[in-house]
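>>> I need the structure of the sequence given here:
(chains A and B)
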Amino acid sequence: MATPAANRAIPAPKEDPTTKPFWDAAREGRFLIGLCKDTGRHFWYPRGCSPFTLSNNVELVEAKGTGTIYTFTVMRSKEPHAPAYVELDEGPRIFTNIVDCDLDTLKIGQRVRLVFKPTEEGGAPVPMFTPV
Amino acid sequence: MSIKGAAYIVGAFEHPTRKAEGQSVAQLHAEVAYGALQDAGLSKDDIDGFFCTSAAPGLGPINMADYMGLTKLRHVDSTDMGGCSYIMHVGHAAQAIKEGRCNIALITLAGRPRAEGMATGTVPRSWAPNIPDDPFEIPMARTVVTSYAMVAQRHMYEYGTTSEQLAWIKVAASHHAQHNPHAMLPKVVTVEEVLNSPMVADPLHRLDCCVISDGGGALIVARPEIAKSLKRPLVKVLGCAEATKNQAGGYLDLTYSAARQSGAAAFAEAGVGPADIQYASIYDSFTITVLMQLEDLGFCEKGKGGAFVADGNLISGVGRLPFNTDGGGLCNNHPANRGGMTKVIEAVRQLRGEAHPKVQVPGCRLALANGIGGLLGHRHGAATLILERE
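Numbers count the residues shown, from 1 in each chain, chains lettered A, B, ... in the order given. Below you'll find the model as predicted:
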């Protein structure tokens, strides 16, 4: 028996001054991730300092929006949904949801691609993923 | 500077309530504090050190000290590392005592999530304002159960761990809980009953999850001369350590916990190893939490936790490592959604020989308590405490 992912109401992310550019880009459909310019490594979640060096020599760069499922679960609530970590092709593993699919078919290692999902009260859309 | 032998646990008390409809959180703190003082044979004005967390009402060291009339305090510490804080506080109290900052420390925990109808584990919630990860995780429905479930899922993928193996952890806890008159779930369950309970978040079933309960507990930690002047059995602090583990900027590895680091440090300080431990209190927010800690503490190899916990190996009188002989969070009590306090209390009971006779480890001299605070699948802390009966 299939478990279709519910189209649950997603609470709006609370934006703060440091990560506002991330949410502004999301509103334009662009998915950004952090880049530490000291080390050349991408990071998640976006912030104003490098988690590798603590310097503020960082920028937001556009990611491809593709990756593989590192782990997931299916919340068996009235509105079934699938919190997951997706390993982006750029490297970081990001906490997200797998959406728009039969949740009973999900597997670790599965390829997924980005879909932005709208949030409540006109909030910025949030990056989620669906099987390719 | 080692705290080995610097302090003793001289008082311990677990509140008997599991649904506190008639008491405020502050009153529960007062009741557990009084209970622990009675247990130790001390009185309120003997306390000169006070430890709590942000789960205590208000600014704990100020508002709670005021409520309880603690007027002799010289040292306070409200370091909060979630549910494992109270294990860590024993170590912090021993440090403070060793440095001469206090002589007799009180540690309290209390809460009433059950009476307040809190959806503890299944609703996304923030700990506080301005947390930088919240905007990226609350919309993704980050909950306690889904965070731990993702760890379990990855463990199964990496090591072939099964739901049957996880279920044995609950089965063992239930075998102990049947002897605890205060346990919320005193009925012995089978592996099949765990597997047949409703799926909450794959692969965790309802019976893989701990209870939601009210109540609390308190501990009194004192310097050696004072401990030896009291009439209670001597429970010495041998080692204690804490650690945190974060997402490493997105390069996280969910196959191990911060207990790997806290455990190694605590064992080194105590001068003992996993093979020496006769009883272990392991924070059991979920079955997977126990499995991860057992591996990371070195009770078995990484990835072999499933085989280690199977077939009753955690049942007192049956297996190699009796654990959570009060029934733990899975069956007995999980006051304020913070399991560290009751873990230390049951370890103290075992070392005193005051556990229920059906689950008492004969001649128990060396015990360990370990906890995980926060969200195992996101960012968390761990604390390890090693205690010896002198």
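>>> only C-alpha atoms for contact and neighbour calcs from this point on.
Will do.
>>> for B:E164, what are its contacts?
Counting by Cα atoms under 8 Å, 6 or more residues apart in numbering or on different chains, B:E164 touches B:V191, B:L195.
>>> Contacts only, for the residue sitting nearest the centre point of chain B.
Geometric centre of chain B, nearest residue: B:G340, 2.1 Å, by Cα atoms, centre = their mean. Applying Cα under 8 Å, 6+ apart to B:G340 gives the contacts B:G83, B:C84, B:S85, B:Y86, B:I87, B:Y283, B:N370, B:G371.
>>> taking the residues you listed one by one, which sit in strands?
Among the contacts of B:G340, the members falling in strands (DSSP state E) are B:N370, B:G371.
>>> taking the contacts of B:G340 one by one, which sit in helices?
Members of the contacts of B:G340 lying in helices (criterion: DSSP state H): B:S85, B:Y86, B:I87.
>>> Can you tell me which of the contacts of B:G340 is nearest chain A?
B:Y283 (21.8 Å; Cα to the nearest Cα).
>>> for the closest residue to that closest one other than its chain neighbours, what are its contacts?
Distances taken as Cα to Cα, 6 or more residues apart in numbering or on different chains place B:G371 nearest to B:Y283, at 4.7 Å, with adjacent residues excluded. The contact partners of B:G371, by Cα under 8 Å, 6+ apart, come to B:G83, B:C84, B:I87, B:A259, B:I282, B:Y283, B:G339, B:G340, B:K343, B:A382, B:A383, B:T384.
>>> per-residue confidence at the third one?
Spelled out, it's B:I87. We have a pLDDT of 98 for B:I87.
>>> just the strands in chain A please.
Assigned by DSSP E, chain A shows strands spanning A:32-36, A:41-43, A:58-62, A:66-72, A:82-88, A:93-98, A:111-117, A:126-131.
>>> can you tell me which of those strands comes nearest to B:Q278?
The minimum distance between B:Q278 and the strands of chain A falls on strand A:66-72, with 34.8 Å, by Cα to Cα.
>>> what does the closest one contact?
So strand A:66-72 is contacted by A:82-89, A:93, A:107-114, B:149-151, B:153-154 (Cα under 8 Å, 6+ apart).
>>> which of those are buried?
For the contacts of strand A:66-72, a burial check counting by 16 or more other Cα atoms under 10 Å in any protein chain shown picks out A:82-88, A:93, A:107-108, A:110-114, B:149-151, B:153-154.
>>> Kindly check the end-to-end length of stretch B:318-333 for me.
23 Å (Cα to Cα, to the nearest Å).
>>> which one is residue 97 nearest to, not counting chain neighbours?
You didn't pick a chain, so chain A it is. Distances taken as Cα to Cα, 6+ apart put A:P83 closest to A:N97, at 4.3 Å, once the chain neighbours are dropped.
>>> my question was about chain B
B:N103 (5.5 Å).
>>> Can you list the low-confidence ranges for chain A?
Counting by pLDDT under 70, chain A contains no low-confidence residues.
>>> okay, the residue nearest to the centre of chain B: pLDDT?
Looking at B:G340, its pLDDT stands at 97.
>>> Roughly how far does the residue nearest to B:Y283 sit from B:I104?
24 Å.
>>> Does the residue nearest to A:N97 touch A:I94 like I think?
No - A:P83 is beyond contact range of A:I94, at 10.5 Å (criterion: Cα atoms under 8 Å).
>>> Surely A:W44 is in contact with A:P92?
Yes - counting by Cα under 8 Å, A:W44 touches A:P92, with 6.1 Å between them.
>>> Touching both of the two, which residues are there?
Joint contacts of A:W44 and A:P92 (Cα under 8 Å, 6+ apart) are B:G249, B:G250.
>>> Return the residues of the stretch 201-350 of chain B in contact with chain A.
B:A201, B:D202, B:P203, B:A248, B:G249, B:G250, B:Y251, B:L252 (Cα under 8 Å from any Cα of the partner chain).
>>> go again using 10 Å as the cut-off
Residues of the stretch 201-350 of chain B lying near chain A by Cα under 10 Å from any Cα of the partner chain: B:201-205, B:247-254.
>>> which SS class is B:L314?
Under DSSP: H, G, I helix; E, B strand; the rest coil, the three-state class of B:L314 is coil.
>>> List the contacts of it.
B:168-173, B:175-176, B:279-280, B:308, B:320-325 (Cα atoms under 10 Å, 6 or more residues apart in numbering or on different chains).
>>> mind checking how far it is from B:L366?
16 Å.
>>> before we move on, what about B:R389?
7 Å.
>>> rewinding a little: who wins for most neighbours among the ones in helices among the contacts of B:G340?
The residue in these with the most neighbours, by other Cα atoms under 10 Å in any protein chain shown, is B:Y86 (32 neighbours).
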